[in-house]
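Novice: okay, predicted coordinates and the sequence, questions at the end:
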Amino acid sequence: MAALNKRDFLKGGSALALGALASPALVGRAAAAEPIKLGSVLDVSGIFDGYGKPMDMALRLAVEEINAGGGLLDRPVEVTAYDTQSDIALYTQYAQQLARRDRVDVVHGGILSASREAIRPILRRAEIPYFYNVLYEGGVCDRNVVVTGVTPAQQVAVLVPAAIERWGKRIYILAADYNYGQITARWMRKFAEEAGGEVVETDFFPLDVSDFGSTIAKIQTATPDIVLSALVGGAHLSFYRQWAASGMKDRIPMASTTLGVGNEHRILGPEADGILVAYNYAPEIDSPANRAFLEAWGAAYGDTGLVNELAVSNYQGVTLWAEAVRRAGTVERMPLIEAIESGMAIEGPGGTVVIDPKTHHAILDVHLMEFRDGGAVILETFEQRPPIDTQAVCDLEANPDDDTQYEIEI
């Protein structure tokens with residue numbers, strides 16, 4: 001996953017107004033009952049706070065809406081949240097605290113794949129359901145986990161053929177040098193070749209690299225038709241600035257699997273114009289669910305400028321969990337899992353979200369978009385795309401005890 005530097009992060013609004021939509025009787029009845037405990041562990045500070053802060057805001061908004069409606073099972077939902085400060089070691093520490101000391105009923109959290117894998121085994125052993133609400137490389141097969149973010153078969157399979165059809169077949173790939181970037185680059189190559197394209201070069205970059213002068217010179221020499229970017233992090237944001245400053249932005253078009261999920265296109269401004277992306281969410285989606293969400297966010301925080309893909313994915317994850325609790329009639333783990341596996345769905349800001357029982361991954365709408373003037377123009381919507389990459393390796397109905405992060409063969 002990508003991130004913004006703390007100095008670049010757009011500042012958020014005020015705290016939530018509590019219980020604004022509930023009747024006093026409903027609030028009073030829920031408040032008198034023992035709370036349901038929801039744990040959250042996110043990078044609310046540090047180099048990944050550009051994602052963690054909006055995700056935290058979205059989670060709290062979802063919980064306040066639940067409580068304003070009388071809670072769940074006539075019980076209020078109480079949030080216990082920890083800031084990992086973008087430190088993987090703190091993910092492990094706080095997951096243990098949530099399980100052993102706080103005894104939460106569910107955990108929503110994690111951004112990078114490394115953070116997910118740091119806490120997933122802890123929560124599985126503790127038998128605490130875990131929701132990972134972030135786009136990622138696919139392959140997690142664990143009955144204790146629900147994934148609500150897009151995977152490559154939902155996102156890259158839309159983005160790469162669209163870029164080739166628009167601009168040409170010769171492709172240069174830039175990607176972060178860790179799990180997400182390496183695997184996503186392979187998916188880019190697969191879908192490019194299936195669409196008749198050719199990858200002329202692939203370069204990987206450690207997360208702390210911020211000087212891309214030599215890389216831009218290499219791209220100029222290679223003369224591709226398209227640059228595909230899976231760059232990640234605040235340092236990598238420098239590439240887009242240097243690309244525009246070099247004059248290449250108007251010569252070779254670009255598509256990305258990460259740019260914009262943390263509002264980077266707002267920070268870059270005109271330097272992001274024309275870049276093609278494909279995500280489950282954009283504020284520009286015109287639907288009753290999204291209009292209601294943006295209105296609620298604005299009422300709570302005063303500004304919708306921080307709303308992004310990851311924030312909405314987290315909001316939808318909490319909303320899905322709440323629907324599963326209602327359906328199960330309990331927060332107990334196995335009835336909750338069985339409710340999740342019943343084909344349940346919600347209507348979220350990004351569209352209909354359905355949980356695939358075999359993988360516990362979300363079936364999602366994916367919107368092909370182009371950045372313009374600090375916003376996104378939706379070009380085409382691909383409805384209800386299944387996570388066929390993870391379906392190829394994971395069948396929790398047949399193998400309910402599976403506990404594997406598969407590296408899907410590409």
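Specialist: Thanks, I have it.
Novice: just the strands in the stretch 151-300 of the chain please.
Specialist: 170-176, 198-205, 226-230, 254-256, 276-279 (DSSP state E, counting those that start in this stretch).
Novice: tell me how many other residues surround the nearest residue to Leu294 once chain neighbours are set aside.
Specialist: Using Cβ to Cβ, 6 or more residues apart in numbering and skipping residues adjacent in sequence, the residue nearest Leu294 is Thr304, 5.2 Å away. Glycine gets a C-beta too; all of them are placed from N, C-alpha and C. A count of nearby residues for Thr304, using other Cβ atoms under 10 Å, gives 14.
Novice: residues touching Thr304, list them.
Specialist: Pro283, Leu294, Trp297, Gly298 (Cβ atoms under 8 Å, 6 or more residues apart in numbering).
Novice: among these, which are located in helices?
Specialist: Among these, DSSP state H puts Leu294, Trp297, Gly298 in helices.
Novice: low-confidence ranges in the stretch 51-200 of the chain?
Specialist: For the stretch 51-200 of the chain, no stretch has pLDDT under 70.
Novice: would you mind measuring from the residue nearest to Leu294 to Ile183?
Specialist: Going from Thr304 to Ile183 by Cβ to Cβ, to the nearest Å gives 32 Å.
Novice: ok, Val150 next?
Specialist: Val150 is 14 Å from Ile183, by Cβ to Cβ.
Novice: and what of Ala272?
Specialist: Ala272 is 25 Å from Ile183, by Cβ to Cβ.
Novice: counting neighbours, go ahead and name the busier of the two.
Specialist: Using other Cβ under 10 Å as the criterion, Ala272 and Ile183 rank with Ala272 on top: 26 against 22.
Novice: which ones are touching the more buried one?
Specialist: Tyr240, Leu259, Gly260, Glu264, His265, Phe371, Gly374.
Novice: neighbours of the residue lying closest to the last one once chain neighbours are set aside, just the number please.
Specialist: Going back to what we said before, that points to Gly374. The shortest distance from Gly374 to any non-neighbouring residue, by Cβ to Cβ, 6+ apart, is to Arg266 (5.3 Å). Neighbour count for Arg266, taken as other Cβ under 10 Å: 18.
Novice: and Arg266, what pLDDT?
Specialist: Listed pLDDT for Arg266 reads 87.
Novice: help me confirm that Met334 is found in a helix?
Specialist: Yes - assigned with DSSP: H, G, I helix; E, B strand; the rest coil, Met334 falls within a helix.
Novice: thinking again about what came up before, ok, so what distance separates the residue nearest to Gly374 from Ser210?
Specialist: 20 Å.
Novice: re earlier: turn the contacts of Thr304 into a markdown table, columns for neighbour count, distance to Ala162 and pLDDT.
Specialist: Converted to a markdown table, these look like this (neighbours: other Cβ atoms under 10 Å; distance: Cβ to Cβ, whole Å; pLDDT from 0 to 100):
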| residue | neighbour count | distance to Ala162 | pLDDT |
| --- | --- | --- | --- |
| Pro283 | 17 | 21 | 94 |
| Leu294 | 15 | 26 | 97 |
| Trp297 | 26 | 29 | 97 |
| Gly298 | 14 | 32 | 96 |
